[in-house]
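>>> Could you look at this predicted model? Sequence included:
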Amino acid sequence: MAALERRLCGVDRERDFRCFLADRGGLWQVLVVDGADGGLDGFLVSVRGAAAPATGVVTPTFLPETG
């Protein structure tokens, strides 16, 4: 995730992604798009609805273009 974001926009949030994936508080939902080559083509991180229904927080998201 960090490598994809770094490649696409030059931002490095590896620590944030580690926090999202560890999800110690049960707050984050992480969805990924697997690439045909086995790599990561996209991802979305959001707050779980039941954990904070009023926030609707979505973090930076990277999704592949479709033709």
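Ah, there it is.
>>> how many neighbours does Phe17 have?
Counted with other CB atoms under 10 Å, residues neighbouring Phe17 total 19. Any C-beta I mention is one placed from the backbone N, CA and C, and that applies to glycine too.
>>> shouldn't it be in contact with Met1?
Yes: Phe17 is within contact range of Met1, at 4.6 Å (criterion: CB atoms under 8 Å).
>>> show me where the protein has helices.
Along the chain, the stretches classed as helices by DSSP state H are 2-9, 14-22.
>>> Can you give me the buried ones in the shortest one?
Along helix 2-9, these residues count as buried under the neighbour rule (16 or more other CB atoms under 10 Å): 4-5.
>>> That one relative to helix 14-22, how many degrees between them?
Helix 2-9 and helix 14-22 are oriented at 130 degrees to each other (axes from the mean of the first three to the mean of the last three CA atoms, to 10 degrees).
>>> returning to that earlier point: and the helices of the chain as TSV, adding distance to Asp41 and mean pLDDT?
Formatted as TSV, the helices of the chain follow (distance: least, CB to CB, whole Å; pLDDT from 0 to 100):
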stretch	distance to Asp41	mean pLDDT
helix 2-9	8	88
helix 14-22	16	93
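>>> Any stretches of the chain with poor pLDDT?
49-60, 62-67 (pLDDT under 70).
>>> Try it again at 80.
Judged by pLDDT under 80, the chain has its weakly predicted residues at 48-67.
>>> rewinding a little: the helices of the chain: which one's closest to Val33?
Evaluated with CB to CB, these place helix 2-9 nearest to Val33, the distance being 9.9 Å.
>>> now what about that closest one, what contacts it?
11-14, 17, 40-43, 60, 62 (CB atoms under 8 Å, 6 or more residues apart in numbering).
>>> and which of those residues is nearest Arg24?
Phe17 (14.0 Å).
>>> and Gly35, how far is that from Glu5?
Taking CB to CB, to the nearest Å as the measure, Gly35 falls 15 Å from Glu5.
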